[in-house]
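coords below, sequence missing:
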């Protein structure tokens, strides 16, 4: 089964100016625009954040549209970076399709890496929530 070529919603170290943006995304994107994901909250991780599904939350980030010529390779690289393996219960994240709202209003379907259920349960119990929902303004 082939994944649909969706853009990515990034909210942590893949955002412009953050360490993984240059390594994985620089020169490989068609567009980058501010966006927000509703239905999730942000938790501080060991040097990177986790988005955790929660009905009333909002996470701020960027919508990244990759160049079509690099899409498949980029998807594989980002899955590896996020330690996501479909069906593997040891995955730290799950890649899921969610509606993300652009800053100018319209929503678009995008891939989002959410904390895998065991990680999300641990964070809800003892994690440090980023109140503003914005990794760049976690203060």
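That came through, no problem. Since we're looking at a predicted model, the values are computed, not measured.

tell me the contacts of residue 13?
19-21, 47-48, 135 (CB atoms under 8 Å, 6 or more residues apart in numbering). Every C-beta, even on glycine, is put in place using the N, C-alpha and C of the backbone.

where exactly do the helices run in this protein?
19-20, 71-81, 117-126 (DSSP state H).

JSON lines for those, including distance to residue 109 and mean pLDDT?
Below are these laid out as JSON lines (distance: least, CB to CB, whole Å; pLDDT from 0 to 100):
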{"stretch": "helix 19-20", "distance to residue 109": "23", "mean pLDDT": "94"}
{"stretch": "helix 71-81", "distance to residue 109": "15", "mean pLDDT": "95"}
{"stretch": "helix 117-126", "distance to residue 109": "22", "mean pLDDT": "95"}
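
Does the longest strand along the chain pack against any helices or strands, and if so which?
For the chain, the longest strand by residue count, based on DSSP state E, is strand 49-66. With contacts defined as 3 or more CB pairs under 8 Å, 6 or more residues apart in numbering; DSSP states H and E, strand 49-66 has these neighbours: strand 8-10, strand 29-44, strand 93-102, strand 107-115, helix 117-126.

Alright, calling it a day.
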